[in-house]
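# give me a model of this one.
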Amino acid sequence: MGQTAMLSPTVTNTSSTSITLSTMTVNGAPYSATGLTLPLTLVMGQSVSFTVTFVPTATGPANGTLQFNGNAATLKLSGSGESQQSLIANPPNLPFGNVQTGNTTTALMSLTNNESSSVTISQQSTSAAFSTQGLSLPLTLATGHSVTFSITFSPTTVGPVVGLFEGLGSKNNVLIAIPLTGTGTAPGQLTVSPASLNFGNVNVGSSSSQAGTLSATGASVTLSSATSNSSEFTLSGLTLPATIAAGQSIGYTTTFTPQSSGTASATLPFVSNASDPNASENLTGTGIAAQSYNVSLSWSASTSMVSGYNVYRGTKSGGPYSKINSTLDPSTTYTDSTVATGQTYYYVTTSVNYSGKESAYSNQAQAVIP
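Numbering: from 1, shown residues only. Okay, the predicted model is just below:
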């Protein structure tokens with residue numbers, strides 16, 4: 001007496017047409033029902049859950065009924081009021097709410113000795129998808145003393161789940177009964193976009209990066225890990241673990257750094273609590289040996305008596321130029337092997353006579369490096 005118990009029944013439309021719930025009537029003073037806003041129309045096969053509460057006001061059995069649309073559907077209600085519980089639960093019941101199948105949620109529960117003498121809990125029992133942790137039995141509680149432990153809910157199916165925790169005495173008498181409720185929900189879906197990435201040809205020692213997106217639908221998805229099975233492909237831009245809300249997306253970057261020539265491939269799995277716990281992305285790329293380039297220069301010989309030539313190079317048309325030959329070149333050709341890919345260079349030459357006097361710049365030649 002003075003305590004509250006709650007259970008969560010379900011009403012289902014099993015007909016072949018839609019049915020409208022117009023009225024819900026509870027007969028029996030200790031009982032009440034909440035959680036439904038009427039009128040409510042259920043299509044064929046649709047279910048809806050609600051809550052029935054029992055608050056005994058007297059000792060002994062108490063019966064009642066809950067009826068929809070007059071007597072179209074009737075739920076019988078029964079319970080018993082006790083003068084005093086040996087143990088008091090805090091909270092008096094545990095509604096876990098919605099939990100994705102395959103996941104676990106935990107709540108704390110405390111039991112307090114409500115007797116004038118010590119009470120011994122010899123056994124415990126839980127039902128459905130509920131279990132306890134941290135309650136070592138047998139356990140004796142002195143008057144007014146308490147014990148705290150945890151109850152976990154691990155749904156394996158979609159839909160409402162109703163269970164019960166019972167603390168039993170040495171003669172299997174019930175010292176405490178705690179209603180447990182929860183609803184298993186479907187896990188979210190994780191989409192990896194694009195499903196595959198092809199990096200094409202990349203020079204060995206160089207890198208190429210591409211972007212990807214992870215999206216959650218249906219329910220939130222929590223990523224726990226993501227590691228490529230090849231050291232040539234790396235992932236960045238994600239801090240794990242990470243939770244993606246339903247209907248939302250997050251981005252990431254994959255980088256290919258070939259270590260040798262040839263085709264490379266890898267798989268990048270995204271481990272999560274989604275319906276597909278190992279959604280993945282296929283990665284491919286080809287490593288190619290880096291090409292080196294040189295510029296071959298030649299020019300007409302000076303009509304004067306000269307001891308050799310100097311070669312100058314700049315990165316802007318018209319200069320400035322810097323000399324790139326270390327010693328005077330006696331020939332009329334020169335090979336520049338210090339060029340960088342993707343650059344454009346401008347060359348001029350000068351002639352030097354036997355007195356060391358240097359001529360003006362020749363005409364300019366341009367070379368574009370791939």
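# where does the stretch 51-200 of the chain dip in pLDDT?
Within the stretch 51-200 of the chain, the segments meeting pLDDT under 70 span 83-85.
# just the helices in the chain please.
For the chain, applying DSSP state H gives no helices.
# domain boundaries for it, per the record?
1-83, 84-186, 189-288, 295-368 (automatic domain parsing).
# and these as CSV, adding mean neighbour count?
Bear in mind the C-beta positions are built from the backbone N, C-alpha and C, glycine included. Listed next are those as CSV, based on neighbours: other C-beta atoms under 10 Å:
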stretch, mean neighbour count
domain 1-83, 14
domain 84-186, 16
domain 189-288, 16
domain 295-368, 13
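# can you tell me the closest non-neighbouring residue to residue 278?
Among residues not flanking residue 278 along the chain, residue 269 sits closest, at 5.0 Å (C-beta to C-beta, 6 or more residues apart in numbering).
# isn't that neighbour up against residue 277?
No - using C-beta atoms under 8 Å, residue 269 makes no contact with residue 277, being 9.2 Å away.
# look up how far residue 234 lies from the spatially closest residue to residue 349 that is not a sequence neighbour.
Distances taken as C-beta to C-beta, 6+ apart place residue 362 nearest to residue 349, at 4.6 Å, with adjacent residues excluded. Residue 362 sits 50 Å away from residue 234, going by C-beta to C-beta, to the nearest Å.
# now residue 213
18 Å.
# and residue 313, how far from residue 322?
6 Å.
# an error on my part: the question was meant for residue 256.
Per C-beta to C-beta, residue 256 is found 36 Å from residue 322.
# which residue sits closest to residue 147, ignoring its sequence neighbours?
Spatial nearest neighbour of residue 147, excluding adjacent residues (C-beta to C-beta, 6+ apart): residue 111 at 5.4 Å.
# for that neighbour, what are its contacts?
87, 88, 89, 90, 121, 141, 146, 147, 167, 176 (C-beta atoms under 8 Å, 6 or more residues apart in numbering).
# go with 6 Å
By C-beta atoms under 6 Å, 6 or more residues apart in numbering, the contact set of residue 111 is 87, 89, 147.
# as JSON lines, the residues you listed with distance to residue 331 would be great.
As requested, these are arranged in JSON lines below (distance: C-beta to C-beta, whole Å):
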{"residue": "87", "distance to residue 331": "105"}
{"residue": "89", "distance to residue 331": "101"}
{"residue": "147", "distance to residue 331": "98"}
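# closest one of those residues to residue 154?
Among the contacts of residue 111, residue 89 lies closest to residue 154 (C-beta to C-beta), at 20.9 Å.
# do a quick rundown of the strands in the stretch 251-370 of the chain.
Assigned by DSSP state E, counting those that start in this stretch, the stretch 251-370 of the chain shows strands spanning 262-272, 278-288, 295-298, 308-314, 322-323, 333-336, 344-352, 365-368.
# need those in TSV (columns: distance to residue 17 and mean pLDDT).
Below are those laid out as TSV (distance: least, C-beta to C-beta, whole Å; pLDDT from 0 to 100):
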stretch	distance to residue 17	mean pLDDT
strand 262-272	40	95
strand 278-288	40	93
strand 295-298	85	97
strand 308-314	87	97
strand 322-323	90	96
strand 333-336	87	96
strand 344-352	79	97
strand 365-368	78	97
